[in-house]
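J.: Okay, predicted coordinates and the sequence, questions at the end:
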Amino acid sequence: MTQIDIDQNMILELANTGVIYGHKKSKTHPKMKGFIGAQRNEIEILKPEVIIRRLEKAIQFLKEKRASGGIILLVGTNVSAHETIKKMAEAYEFPYVITRWLGGTLTNWNVMKERIKHFLDLKEKKEKGELAKYTKKEQVEFSKELEKLRQKFEGLVAMKKLPDAIFLIDPKIHETAVREAKIINIPVIALMDTNDDPTGIEYPIIGNDRAKTSISWIGNKIIEGLREVTGKEVEGEK
């Protein structure tokens, strides 16, 4: 497994991107205390070695899943995560969720699969001009329906079957996704902050899960790790 060196430059990088900064001490989850090295103005400072070693473990797991052709579902509905989630999804053709998590996405997959199929069918009909035979009013209604379906299902089109793993940003705001994954035994990789409970998350990545710069840094490290498996470069990251 390729290791990330923890030197002064790396620590500075973690600080500059905000990865190392947790929440205020008053919000710290009791099971996160062992990952904290210091406080500054009541803000928890994470141990650099915890961030890096947990990240390495998660990347290794993702590499193994990717190498075997596994599907990884990416989830980040918080605005600060959208750009990184889409970048990761586009780089490796992963399915993703950046709008509201739809209950039953995993536990009611057969129904969800039919809704995705309906979206694709309607989209194809519009692209082929097959909706032109309807009245203007009906066409407007179809367009409205298509847009609603697009917002819900566009990111899931690449998910041809239940995922082999889920990577998400902040398990606290994605409790339903985590719960569904647990029910059907899908492992969860999660970027989580000092206010989260790491219990039950198979591969917790301990770090700032709010700042866009932090999320982007973590996402880029995962992309770099997966490149070792695929040999694929991402635009702008040569």
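T.: Thanks, I have the structure now. Residues are numbered from 1 along each chain as shown.
J.: care to break this protein down by domain?
T.: Domain assignment of the chain by automatic domain parsing yields the ranges 17-106+162-230, 109-155.
J.: now these as a markdown table including mean neighbour count, distance to residue 3 and mean pLDDT?
T.: C-beta here means a position set from N, CA and C on the backbone, and glycine is covered the same way. Putting the domains of the chain into a markdown table (neighbours: other Cβ atoms under 10 Å; distance: least, Cβ to Cβ, whole Å; pLDDT from 0 to 100) gives the following:
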| stretch | mean neighbour count | distance to residue 3 | mean pLDDT |
| --- | --- | --- | --- |
| domain 17-106+162-230 | 19 | 6 | 95 |
| domain 109-155 | 13 | 32 | 91 |
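J.: among the ones you listed, which is nearest residue 11?
T.: Distances from residue 11 to each of these were compared by Cβ to Cβ, and the smallest falls on domain 17-106+162-230, at 5.1 Å.
J.: For whatever helix or strand residue 147 lives in, list the C-alpha coordinates in PDB.
T.: For residue 147, the enclosing helix or strand under DSSP states H and E is helix 136-153. Provided in PDB are the C-alpha atoms of helix 136-153 (Å, rounded to 0.1, in the frame of the first residue of the first chain):
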ATOM      1  CA  LYS A 136     -48.100  22.000 -26.100                       C
ATOM      2  CA  LYS A 137     -49.600  21.700 -22.700                       C
ATOM      3  CA  GLU A 138     -48.800  18.000 -22.500                       C
ATOM      4  CA  GLN A 139     -45.200  18.700 -23.700                       C
ATOM      5  CA  VAL A 140     -44.800  21.200 -20.900                       C
ATOM      6  CA  GLU A 141     -45.900  18.700 -18.400                       C
ATOM      7  CA  PHE A 142     -43.500  16.100 -19.800                       C
ATOM      8  CA  SER A 143     -40.700  18.600 -19.600                       C
ATOM      9  CA  LYS A 144     -41.500  19.400 -15.900                       C
ATOM     10  CA  GLU A 145     -41.700  15.700 -15.100                       C
ATOM     11  CA  LEU A 146     -38.400  15.100 -16.900                       C
ATOM     12  CA  GLU A 147     -36.700  17.900 -14.900                       C
ATOM     13  CA  LYS A 148     -37.900  16.500 -11.600                       C
ATOM     14  CA  LEU A 149     -36.700  13.000 -12.600                       C
ATOM     15  CA  ARG A 150     -33.400  14.400 -13.700                       C
ATOM     16  CA  GLN A 151     -32.800  16.000 -10.300                       C
ATOM     17  CA  LYS A 152     -33.600  12.800  -8.500                       C
ATOM     18  CA  PHE A 153     -32.100  10.100 -10.700                       C
END
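J.: Can you spell out which helices and strands pack onto it?
T.: helix 109-127 (3 or more Cβ pairs under 8 Å, 6 or more residues apart in numbering; DSSP states H and E).
J.: Report the angle between the helix it packs on and helix 136-153.
T.: Inter-element angle recorded for helix 109-127 and helix 136-153: 140 degrees (by axes from the mean of the first three to the mean of the last three Cα atoms, to 10 degrees).
J.: before we move on, the earlier item: format the domains of the chain as CSV; extra columns: distance to residue 7.
T.: Conversion of those to CSV gives the following (distance: least, Cβ to Cβ, whole Å):
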stretch, distance to residue 7
domain 17-106+162-230, 10
domain 109-155, 37
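J.: Indicate which one of those is closest to residue 8.
T.: The closest approach between residue 8 and any of the domains of the chain, judged by Cβ to Cβ, belongs to domain 17-106+162-230 at 10.0 Å.
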